[in-house]
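**Student:** Sequence and predicted structure are below.
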Amino acid sequence: MTNSPTTRATNPLSPLPPEIRHLIYAAAYTPTPHHHVPLTPNPPTPPPWLPPICALNRATHLDAALWFITATRFTIALPSASQTLTHFSAFLATFPGTSAFDAIRRLKVAYFDVDIRAQERAALWDFLGICAGVRELAVEFRVMNLLGKGVSCWDVVGSDLSQGEVDGMEYLRALGDVVEACGVDRLFEVGVGSLRTVYLDVWPMMMGDGEGEGTRRDVVRLTAMPLVEELAGYLREGFGARGREVDVVIRELFVSGMRLREN
């Protein structure tokens, strides 16, 4: 089978209702409840993550690929968003009208909290403005990027400070600073009429290499959860004030790909 759809016009599954075709696609190509595809700045054409059946012909490509896009969570790395989304948008534009943009249901923005060029965030917001069917949006935060100016997590967890001394420090950024720097208010414009859930995916803790009880020092922890919980409250209030019913859920990430707790 080739990597590009042939010119043959008929999808062999076309006599079946869409619901049955989608069940067949899901049974054949979805090993988990949802696919996860990290987007890259320079992908090959067509994308390697499409199911093999998409290479059968153009009709099958359109039908199966739109199903796949709907079933997939795409992850956008913010530092390369302008280049990544240019390529991804070019692929989505090969489908009729805005059908492929409208088919996107689940997106994640990695490194949402980094200090980045304005054009990367602008590319993200422009893309999200086109995706009218997004139902779930996850934005990622890390404790090291939520510390106040001049505070280094490595300096704190590698110091001789006790946990009590660390807890007494004001080491987190102010909520207003995070809202402004990350453009958080733009989230209120995403998926009007479709967005149901915003996930705050958080790497919430940084731990020092303590030597344990009875030795020089114990493990010291920095946590970003107070700020993240404040941000979640800000988003819930903002969506509510706009008459939108959007759940804001905190997910704590400790191991890549593993979610241990939702708040």
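**Tutor:** The structure has been received and is ready for your questions.

**Student:** Share the number of residues neighbouring T86, please.
**Tutor:** 12 (other C-beta atoms under 10 Å). Every residue, glycine included, has its C-beta placed from N, CA and C.

**Student:** Give the closest residue to it in space, chain neighbours not counted.
**Tutor:** In this structure, T86 finds its nearest non-sequential neighbour in A123, 7.6 Å apart by C-beta to C-beta, 6 or more residues apart in numbering.

**Student:** For the residue nearest to V134 when sequence neighbours are not counted, list the residues it contacts.
**Tutor:** For V134, ignoring the flanking residues on the chain, the nearest one in space by C-beta to C-beta, 6+ apart is G191 at 4.1 Å. G191 sits next to L128, C131, A132, G133, V134, R135, L137 when contact means C-beta atoms under 8 Å, 6 or more residues apart in numbering.

**Student:** how about 7 Å then?
**Tutor:** V134, R135, L137 (C-beta atoms under 7 Å, 6 or more residues apart in numbering).

**Student:** Name the nearest of those residues relative to Q119.
**Tutor:** L137 (20.5 Å; C-beta to C-beta).

**Student:** Distance check, the closest one against S82.
**Tutor:** 19 Å (C-beta to C-beta, to the nearest Å).

**Student:** Between the two, which is the more surrounded one?
**Tutor:** L137 (21 against 18).

**Student:** For H36, give its distance to V184.
**Tutor:** Distance, H36 to V184, by C-beta to C-beta: 24 Å.

**Student:** how about the residue nearest to V134, secondary structure?
**Tutor:** coil (DSSP: H, G, I helix; E, B strand; the rest coil).

**Student:** domains of this structure?
**Tutor:** The record's domain parsing of the chain by automatic domain parsing lists 1-134, 141-263.

**Student:** Let's have those in CSV, adding mean pLDDT.
**Tutor:** Below are those laid out as CSV (pLDDT from 0 to 100):
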stretch, mean pLDDT
domain 1-134, 82
domain 141-263, 79
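
**Student:** would you turn the contacts of G191 into JSON lines with secondary structure and distance to A26?
**Tutor:** JSON lines is the format used below for the contacts of G191 (DSSP: H, G, I helix; E, B strand; the rest coil; distance: C-beta to C-beta, whole Å):
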{"residue": "V134", "secondary structure": "coil", "distance to A26": "20"}
{"residue": "R135", "secondary structure": "coil", "distance to A26": "17"}
{"residue": "L137", "secondary structure": "strand", "distance to A26": "23"}
